[in-house]
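Novice: Attaching a predicted model along with its sequence, questions to come.
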Amino acid sequence: MIFETALRTTEILLALVLLLQSLEHVVLAQRQLYAGYETALREEQLFLVRGALAFVLLLGFAPGLVGALLLISTAFYLRRYAGAFNGGADRMGILILICLTAAHLAPTERLAELAFGYLAMQLILSYFISGWVKITKPAWRSGEALRDVFLFSAYPVSEALRGLAEKRRLLLVGAWAVMLLEVLFPLALLWRPALIAALALTAAFHGANALLFGLNRFFWTWLTAYPCLLWLQSRLTGAEPFL
Amino acid sequence: MNEFMRSLALFLPALMPSWRFFEVIRPSPRIEFALLGDAEGQGSDWRAFRPKPKRLAALVLLDRLFWNPLRNEDLYLLTCAEKLEEGEDAHCRDAILRSIRSELRSREPEEQATLQFRIATLRRDGEALRREIVYLSPPEPPPSPDDLHHLRKLGFLRRQSLFFGGIDGI
C-alpha cells in the first residue's frame, strides 16, 4: 500500500471510529443530564465538538489542523475521565491520532513516514508483547487463565457464556492459538501473503472479543491501524504495493 | 504550567503503551447498590448494577459491534471499581454514583432515594468461587428538587436523545 493511500485510509477509519464514539458519549452525557448532573453538559458539548471534528476529518479537509484540534479536545477528554475511558482501545485511538497528525504536520516526507512507521511498530508490539506476557505465564499455558476469564471475570456479555469455562480442552486450544498468533505476528512482515493472513486472523480475534466480551472499540480501533502495516511491509521489503 | 504538564502526562500511556493485556486474571469487581431510607442509613437490599442477561441474541451481539454505549460505560466503571479497590478515589466514586443514578432515573423517573454502592470481588480459590466486599461508599442523597427544577427550566432534562428515539432505547 502506498504511503498516501495508507494514511488516508487510516484517517477515514479513525474518523468513523471517533464519530461513533462521540455519539455514544453524547448519549451517556444526556442520561446524566436527565438524572440531574448539570456538569454532564460540558461532556455533551465536548463530544459534540469531537464528533464535528471527526466528520471534517472524514471529509479530508485540513487533516493536520483537524488532527491537532482533536488532540486538544483529547486533552480535555483525558482530564474528564482521568485517563482513557475504555483503556487500551482508546489509548490506541489516541496513538493513531497522534501519529496521523504528526505525519500530516511533518515538514519532510521522511519525518512523516517515521511518524506513521512508529504507529506500525506499536501495532506489532501490541500483539507481540501481549502474546509474550501470556506465553510466559503457566496459567495461560495450561488454559486456566482463559478459563478464569469466562468463569468469574466481568468480561463475558451474558451469563450463558460462563458455561465455556467447562470446555477445558477448547479453552486450552484457544489460549495457545491466541498466544502463538500474537507472539509470531512480527514474522508475518516477511511475506505479503503471511501478513494478509495474520491480519485476517487478528481481525477475527478482535471480532470474537467484541462479540464475547463487548470489546467492540478494540475491534474497530485495531483495524484502523492495519493500513500502516501494509504500507510498512511494502516500504521495508520493496514488495509491490497493491493499492 | 502544572495543568499543562498534567495534561501532557495523561497522553504518555497512549504514546508509549505497555500492551500487557490480561497478563494476570485478577479478582473481578462487581458493583452493587442499595437505596436507603435516609442519609444516615446503611444499605441492606443490595442489587447488582446492570446485571448481565442470561443470553443475548446473535442480532443483539452484532448490533453491539457498532453501537455499545452502556457496555463501554460498564468497562469504564470496571476500571473505576479496580481503582477504588486500591484506595479511596473521589473521581471514581463519583463516576460510579452518577452512572447508577442515571440508570435509575432512566428506568424509574420518580426515584429520589439516597443511594449507596459497594464493590464485591470474585476470585477462584481452587474449584470454589470466593466473594469479598472490598469497598463501601458513603451514602449519596439525590439531587435536590431545586437542582432538578433549575435544570428542567433550562430545558436540560430531556427524555429524547439528540440523535435517537429515547434515552431508554440505548
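Specialist: Yes, it's here. Just so it is clear, the model here is predicted, and its values are computed rather than measured.
Novice: does chain A sit close to the longest strand along chain B?
Specialist: In chain B, taking DSSP state E as the definition, the longest strand is strand B:114-125. Yes - counting by Cβ under 8 Å from any Cβ of the partner chain, chain A has neighbours in strand B:114-125: B:Leu122, B:Arg123, B:Arg124. Backbone N, C-alpha and C define where each C-beta goes, glycine included.
Novice: For stretch A:7-25, give me every contacting residue.
Specialist: With Cβ atoms under 8 Å, 6 or more residues apart in numbering or on different chains as the test, stretch A:7-25 has contacts from A:1, A:43, A:46-48, A:50-51, A:53-55, A:57-58, A:60, A:63, A:70, A:85, A:90, A:93, A:96-97, A:100, A:103-104, A:116, A:119, A:217, A:220-221, A:223-225, A:227-228, B:66-69, B:72, B:163.
Novice: one more time with 7 Å, if that's ok
Specialist: A:43, A:47, A:50-51, A:54-55, A:57-58, A:63, A:93, A:96-97, A:100, A:103, A:116, A:220-221, A:223-225, A:227-228, B:66, B:69, B:72, B:163 (Cβ atoms under 7 Å, 6 or more residues apart in numbering or on different chains).
Novice: How about stretch A:102-122?
Specialist: If you take Cβ under 7 Å, 6+ apart as the criterion, stretch A:102-122 is touched by A:3, A:7, A:63-64, A:67, A:95-96, A:99, A:225, A:228-229, A:231-232, B:17.
Novice: Can you lay out those as CSV showing distance to B:Pro143?
Specialist: Shown next, in CSV, are the contacts of stretch A:102-122 (distance: Cβ to Cβ, whole Å):
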residue, distance to B:Pro143
A:Phe3, 53
A:Leu7, 47
A:Pro63, 42
A:Gly64, 43
A:Gly67, 38
A:Leu95, 38
A:Ile96, 38
A:Cys99, 42
A:Ala225, 42
A:Cys228, 47
A:Leu229, 49
A:Trp231, 52
A:Leu232, 52
B:Pro17, 38
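Novice: ranking the residues you listed by neighbours, who comes first?
Specialist: A:Cys228 (29 neighbours; other Cβ atoms under 10 Å in any protein chain shown).
Novice: Model confidence for it, exactly?
Specialist: With respect to pLDDT, A:Cys228 scores 96.
Novice: list the contacts for it?
Specialist: By Cβ under 7 Å, 6+ apart, the residues touching A:Cys228 are A:Ala6, A:Thr10, A:Phe116, A:Leu119, A:Ala120, A:Leu123.
Novice: which secondary structure element contains the fifth one?
Specialist: In this assignment (DSSP states H and E), A:Ala120 forms part of helix A:109-135.
Novice: Report the next helix or strand after that helix in sequence order.
Specialist: That would be, after helix A:109-135 and using DSSP H and E, helix A:138-141.
Novice: Which parts of chain B are helices?
Specialist: For chain B, the helices defined by DSSP state H occupy B:2-15, B:58-66, B:69-86, B:90-107, B:145-153.
Novice: The second one near chain A at all?
Specialist: Spelled out, it's helix B:58-66. Yes - using Cβ under 7 Å from any Cβ of the partner chain, we find that helix B:58-66 touches chain A at B:Leu61, B:Arg64, B:Leu65, B:Phe66.
Novice: and A:Glu44, that's in a strand?
Specialist: No - assigned with DSSP: H, G, I helix; E, B strand; the rest coil, A:Glu44 falls outside any strand and is helix.
Novice: for the closest residue to it other than its chain neighbours, helix, strand, or coil?
Specialist: Leaving aside its sequence neighbours, A:Glu44 sits nearest to A:Ala29 (Cβ to Cβ, 6 or more residues apart in numbering or on different chains; 3.9 Å). With three-state DSSP as the basis, A:Ala29 sits in helix.
Novice: Including mean pLDDT and mean neighbour count, could the helices of chain B go into CSV?
Specialist: Below are these laid out as CSV (pLDDT from 0 to 100; neighbours: other Cβ atoms under 10 Å in any protein chain shown):
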stretch, mean pLDDT, mean neighbour count
helix B:2-15, 82, 13
helix B:58-66, 93, 12
helix B:69-86, 95, 20
helix B:90-107, 91, 19
helix B:145-153, 57, 13
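Novice: Tell me which of those sits nearest to A:Leu189.
Specialist: Among the helices of chain B, helix B:2-15 comes nearest to A:Leu189, with 22.5 Å by Cβ to Cβ.
Novice: quick one, helices of chain A?
Specialist: Counting by DSSP H, chain A has helices at residues A:3-34, A:40-59, A:63-80, A:88-105, A:109-135, A:138-141, A:144-151, A:168-184, A:192-213, A:216-237.
Novice: Rebuild those as JSON lines, extending it with distance to B:Ser28.
Specialist: As requested, these are arranged in JSON lines below (distance: least, Cβ to Cβ, whole Å):
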{"stretch": "helix A:3-34", "distance to B:Ser28": "23"}
{"stretch": "helix A:40-59", "distance to B:Ser28": "28"}
{"stretch": "helix A:63-80", "distance to B:Ser28": "26"}
{"stretch": "helix A:88-105", "distance to B:Ser28": "17"}
{"stretch": "helix A:109-135", "distance to B:Ser28": "18"}
{"stretch": "helix A:138-141", "distance to B:Ser28": "15"}
{"stretch": "helix A:144-151", "distance to B:Ser28": "9"}
{"stretch": "helix A:168-184", "distance to B:Ser28": "17"}
{"stretch": "helix A:192-213", "distance to B:Ser28": "12"}
{"stretch": "helix A:216-237", "distance to B:Ser28": "19"}
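Novice: B:Ala57: which of these is closest?
Specialist: Nearest of the helices of chain A to B:Ala57, taken as Cβ to Cβ: helix A:192-213 at 11.8 Å.
Novice: Show me what counts as buried in the closest one.
Specialist: Neighbour counts over helix A:192-213 (16 or more other Cβ atoms under 10 Å in any protein chain shown) mark A:192, A:195, A:198-199, A:202, A:205-207, A:209-213 as buried.
Novice: hang on, the earlier thing: of the contacts of A:Cys228, which is the nearest to chain B?
Specialist: Relative to chain B, the closest of those is A:Leu123; by Cβ to the nearest Cβ it sits at 9.9 Å.
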